[in-house]
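# Here's a sequence, model it:
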Amino acid sequence: MIKSKIKWAALVGLVLSFSSLIIHLMLTKSNTDLMQFHAIDSFNEDFNYINSVPTKGAWRRKLWGRVKVLETLQPHAAPRSTYPVVNEQNNGFIFAKIFGGFERIRSSICDLVTLARLLNATLIVPEFQESLRSKGISSNFKSFSYIYNEDHFIQALANDVSILKNLPPEFKEARKQKQYPIFKPKISTGPDFYMTEVLPKLIQSKVVGLVLGDGGCLQPILPPSFAEYQRLRCRVAFHALHFRPEIISLGRLMVDRLRAAGQPYLVYHPGLKRDTLAYHGCAELFQDVHTELIQFRRAQMIKQGTIKEELNVDSHARKQNGSCPLMPEEVGLLLRAMGYPPRTRIYLAGSETFGGQRILIPLRSMYTNLVDRTSLCSKQELANLVGSETALPIDQMLSPPAKIDKQLKEDWDKAGPRPRPLPPPPDRPLYTYEKEGWYGWVAEGDSEPDPSQADLRDQAHRLLWDALDYVVSVEADAFFPGYDNDGSGSSDFSSLVMGHRLYESTSARTYRPDRKYLVELFNRTSDHLYYPQQNWTLSVREHLNESLAVEGLLRESRLGSFLSHPIQYCSCTTIKTAEMIQGERDGNLQRLFEGLDECPESIKQARKPAISQDGNADEAESQEDGADSDAQLDEELKSTSTDPTSQQDEEMDPDD
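Presented below is the predicted three-dimensional model:
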């Protein structure tokens with residue numbers, strides 16, 4: 001009997017174990033299906049919170065309202081003087097190859113159109129090498145049409161420049177044989193070079209080629225006599241360069257999803273790109289393999305002549321100088337200090353964030369509604385944007401050849417003082433997933449491998465993701481850059497977005513932080529960073545609010561490139577400058593509006609209905625704004641949270 005009882009107990013135990021295993025596998029499968037985060041579901045869960053947030057009042061105006069002092073500025077890039085129609089009988093044809101990502105492509109196109117007008121030449125639609133290098137991408141979209149609407153580009157500039165899709169047949173064969181002169185100009189090249197060096201060759205051979213790799217071919221700020229050429233740049237960047245319809249459609253759908261239930265959203269672009277970090281020497285802000293990757297790229301730039309500095313620099317000193325991007329954790333603290341509640345909808349822009357999701361963990365802990373394109377769009381929607389592509393061959397992951405003891409000792413002696421990641425142990429095989437990362441080569445040697453076909457395709461896809469993020473960023477209720485180029489070199493993504501928002505909607509809420517000043521603020525309260533004193537919070541608010549208006553624009557105008565600050569030539573004011581500056585104690589506003597033209601009557605008439613509808617409300621709101629204090633804003637923010645989760649989040653607020 002005892003033995004039979006033991007057998008029955010063992011049998012029952014086996015059945016229970018098997019049942020628990022089946023249940024565990026079923027739960028694991030269901031959890032796997034739920035692993036992909038969907039922003040729409042998260043937004044729906046916030047329904048009760050959304051209903052408790054006031055749609056008007058100090059909270060809405062101070063965090064999302066427009067900058068009233070800039071509302072008189074309107075976009076006006078039309079020619080101001082006699083501007084003859086383009087002549088078909090010109091000096092010849094210009095074709096161009098553009099190397100680089102989204103930012104360099106957009107800046108280079110503006111320069112190419114301006115250059116074609118300057119030389120009285122016909123421009124052939126530029127070629128994007130980032131998409132042409134990738135094999136097997138969608139045959140429906142090639143080169144220029146991969147991200148931009150080619151037909152609209154040609155039609156929008158018909159009165160400025162003659163543009164053709166391809167070279168005439170009689171010139172194609174000679175181009176294949178490389179019989180035409182090729183120039184590789186820098187971004188700082190002035191108009192004189194083209195008039196004295198390029199124009200004679202153009203007249204002689206009828207065709208010249210340009211290879212652009214610096215993000216442009218013409219100096220950002222032209223002399224005052226070239227004002228019409230500056231306006232032409234604006235017409236190219238803000239009117240002619242429209243994305244292809246599929247990108248615009250999906251981008252607007254993303255905007256609608258972010259604004260579900262009438263809520264505003266903020267776009268944050270980290271600016272954490274490997275090239276940027278290597279150029280400014282910010283390697284020591286990261287750890288482990290990421291430091292090695294940045295240093296390797298910096299060594300490449302030194303060898304190419306892009307950087308004329310030493311390899312090893314003090315990254316913390318560069319951070320103090322404002323050269324390095326703000327880290328996501330710092331941006332989260334700044335937004336909390338401004339008063340943005342924990343459930344603010346924040347869109348993460350940028351196809352590349354160096355450091356990956358790990359570096360975003362602190363920001364996600366502060367703002368739960370931090371989303372990107374992968375959480376706003378389904379896989380099918382993104383696949384439709386890419387189009388049908390040829391399947392890539394499966395990469396055969398081969399183990400590196402074994403090294404003898406002498407080679408291992410030499411490698412160890414050459415490794416230097418910096419700790420390096422060790423290769424996998426030799427007792428087990430090298431699994432595929434260990435080499436899938438683009439940084440896997442660091443564990444094997446000191447030379448970065450050539451990009452694979454999959455890498456080239458990913459680089460082409462980044463053009464599409466950046467274009468989507470650009471649409472969402474320009475339409476955002478607020479934009480916060482973690483880094484912008486400050487006029488050093490070609491414009492980056494944040495600079496282009498800030499310039500586009502400044503042109504289309506000058507009074508929109510676009511933060512222009514001074515990183516050097518903010519680093520000083522962080523150093524003051526480094527001992528109690530998450531619980532700063534009230535005066536620290538007020539200093540942050542004062543600086544960021546000033547960056548939205550005249551002070552920030554004046555500082556950017558001294559540092560930024562033309563496309564990031566197009567007010568001087570491409571904007572007008574709806575009232576006379578004298579009326580605007582009347583009663584001002586300082587001359588900042590006068591300097592900002594200096595030289596601006598008064599808007600034509602057509603622009604004034606188009607703006608009058610909006611003023612008449614909202615005039616009384618704006619006047620009342622401005623009176624309320626004068627009475628609202630930061631303390632009242634804090635009280636209103638506290639009253640917007642009604643559930644225990646939001647109350648918990650508020651306990652982390654820097655103001656409490």
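# okay, CA-based contacts and neighbour counts for the rest of this
Will do.
# how many neighbours does the closest residue to Ala158 other than its chain neighbours have?
Among residues not flanking Ala158 along the chain, Val86 sits closest, at 7.6 Å (Cα to Cα, 6 or more residues apart in numbering). Neighbour count for Val86, taken as other Cα atoms under 10 Å: 17.
# Val86 against Val161, yeah?
Yes: counting by Cα atoms under 8 Å, Val86 does reach Val161; the two are 5.8 Å apart.
# got any ranges where the stretch 501-650 of the chain has weak pLDDT?
Scanning the stretch 501-650 of the chain for pLDDT under 70 picks out the ranges 527-532, 559-560, 576-587, 607-650.
# 80 - rerun?
Low-confidence segments of the stretch 501-650 of the chain, defined by pLDDT under 80: 525-534, 556-562, 575-595, 604-650.
# Tell me where it has helices.
Remark: helices assigned in the stretch 501-650 of the chain by DSSP state H, counting those that start in this stretch are 515-524, 534-548, 550-559, 567-570, 577-581, 588-593, 601-627, 630-639, 644-650.
# Check the stretch 101-250 of the chain too.
Applying DSSP H, counting those that start in this stretch to the stretch 101-250 of the chain gives helices spanning 102-118, 129-132, 150-156, 169-176, 191-193, 199-205, 227-235, 245-258.
# could you dump the third one to PDB, C-alpha only?
Included here for helix 150-156 are C-alpha records, laid out as PDB according to Å, rounded to 0.1, in the frame of the first residue of the first chain:
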ATOM      1  CA  GLU A 150      10.100  64.900 -58.100                       C
ATOM      2  CA  ASP A 151       7.400  66.500 -60.200                       C
ATOM      3  CA  HIS A 152       6.400  69.000 -57.500                       C
ATOM      4  CA  PHE A 153      10.100  70.000 -57.100                       C
ATOM      5  CA  ILE A 154      10.500  70.800 -60.900                       C
ATOM      6  CA  GLN A 155       7.100  72.600 -61.100                       C
ATOM      7  CA  ALA A 156       7.600  74.700 -58.000                       C
END
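# tell me how far it is from the chain's mean position?
25 Å (Cα atoms, centre = their mean, to the nearest Å).
# quick check: mean pLDDT across it?
Taken as a whole, helix 150-156 has a mean pLDDT of 94.
# go on, the shortest one?
The predicted model assigns helix 191-193 a mean pLDDT of 92.
# who's in contact with that helix?
Helix 191-193 is contacted by residues Leu218 when judged by Cα atoms under 8 Å, 6 or more residues apart in numbering.
# at 10 Å what do you get?
Helix 191-193 is contacted from outside by Leu115, Leu118, Leu119, Pro185, Val198, Leu199, Cys217, Leu218, Gln219, Leu222, Pro223, Phe226, using Cα atoms under 10 Å, 6 or more residues apart in numbering.
# nearest spatial neighbour of Leu157, skipping sequence neighbours?
Per Cα to Cα, 6+ apart, closest to Leu157 is Ala240, 6.7 Å.
# same thing with Phe141?
Ile147 (7.9 Å).
# And the one you found, its phi and psi?
Main-chain dihedrals, Ile147, degrees, to the nearest 10: phi -130, psi -20.
# State the distance from it to Ala460.
10 Å (Cα to Cα, to the nearest Å).
# what is in contact with Val86 and Val161 at once?
With Cα under 10 Å, 6+ apart, Val86 and Val161 have common neighbours Arg117, Asn120, Ala121, Thr122.
# re the thing from before, which pLDDT value belongs to the residue nearest to Leu157?
94.
# Touching, it and Asn159? I think so.
No: judged on Cα atoms under 10 Å, Ala240 makes no contact with Asn159 at a distance of 11.8 Å.
# returning to what we had before: out of the contacts of helix 191-193, who's nearest Lys176?
Val198 (20.3 Å; Cα to Cα).
# Roughly how far does the most centrally placed residue in the chain sit from Val67?
Central residue of the chain (Cα atoms, centre = their mean): Phe493, 3.9 Å from the mean position. Taken as Cα to Cα, the spacing of Phe493 relative to Val67 amounts to 23 Å.
# do His239 as well
According to Cα to Cα, His239 stands 24 Å off from Val67.
# so what's the backbone phi/psi at the residue nearest to Ala158?
According to degrees, to the nearest 10, Val86 has phi -60, psi 140.
# before we move on, back to that, and Ala240 and Asn159? Which one has more around it.
Ala240 (21 against 13).
# separation between that one and Leu285?
From Ala240 over to Leu285 (counting by Cα to Cα), the distance is 40 Å.
# wait, Thr510 sits on Leu63?
No: applying Cα under 10 Å as the test, Thr510 and Leu63 come out as separate, 11.1 Å apart.
# More neighbours: the two, which one.
Legend: neighbour count by other Cα under 10 Å for Thr510 and Leu63, higher for Thr510 (30 against 20).
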